[in-house]
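Undergrad: Got a sequence here, can you build the structure:
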Amino acid sequence: MENNKQLSVMVFALAIMILSQKSISNASFMILHDKPGCSNFQGFQSTCEVCHSILDDGLYYDFFFTGVVALLFNNTGCTGRPILVLTTSVFLCYEFKYKSFQLRC
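TA: Okay, here's the model as predicted:
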């Protein structure tokens, strides 16, 4: 369990460094993992107004809120009404049960 926490901190630090290099450090971002406990880094998304479709089942996520909300949808393409709107950080490595998400800037 301690290793998972250390890995999450390292992934968070890496994401912050990458985001600051791209001059978009004000954007919120979603970190995706492909194993429970967020023990295997899959990637992260921080692009605003772009729909990110999730084709794989069994992904887990952490969301780092820095002022940009995330809209989560039950369908691909980010169409219709969002099922969930994240307006705060989520660090509990929840299972991603949605089909797409978008960062609304």
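
Undergrad: Can you tell me how far the residue most central in space within the chain is from residue 69?
TA: Nearest residue to the geometric centre of the chain (C-alpha atoms, centre = their mean): residue 30, 1.5 Å. As for residue 30, its distance to residue 69 is 11 Å (criterion: C-beta to C-beta, to the nearest Å). Just so you know, the C-beta spots here come from the backbone N, C-alpha and C atoms, and that holds for glycine as well.

Undergrad: Tell me which residues touch the residue nearest to the centre of the chain, please.
TA: The contact partners of residue 30, taken as C-beta atoms under 8 Å, 6 or more residues apart in numbering, are 44-46, 52, 61-64, 70, 101, 103.

Undergrad: Most neighbours among those residues, please name it.
TA: residue 101 (26 neighbours; other C-beta atoms under 10 Å).

Undergrad: The closest residue to it other than its chain neighbours pairs with what?
TA: Nearest-residue entry for residue 101: residue 72, 4.8 Å, with adjacent residues in sequence omitted and distances by C-beta to C-beta, 6 or more residues apart in numbering. Residues in a beta bridge with residue 72, per DSSP bridges, are residue 84, residue 101.

Undergrad: ok, residue 72 touching residue 87?
TA: No: the criterion here is C-beta atoms under 8 Å, and residue 72 misses it with residue 87 at 11.8 Å.

Undergrad: Mind pulling the model confidence for the residue nearest to residue 101?
TA: Per-residue confidence (pLDDT) for residue 72: 94.

Undergrad: any idea how far residue 31 is from it?
TA: Taking C-beta to C-beta, one finds residue 72 at 14 Å from residue 31.
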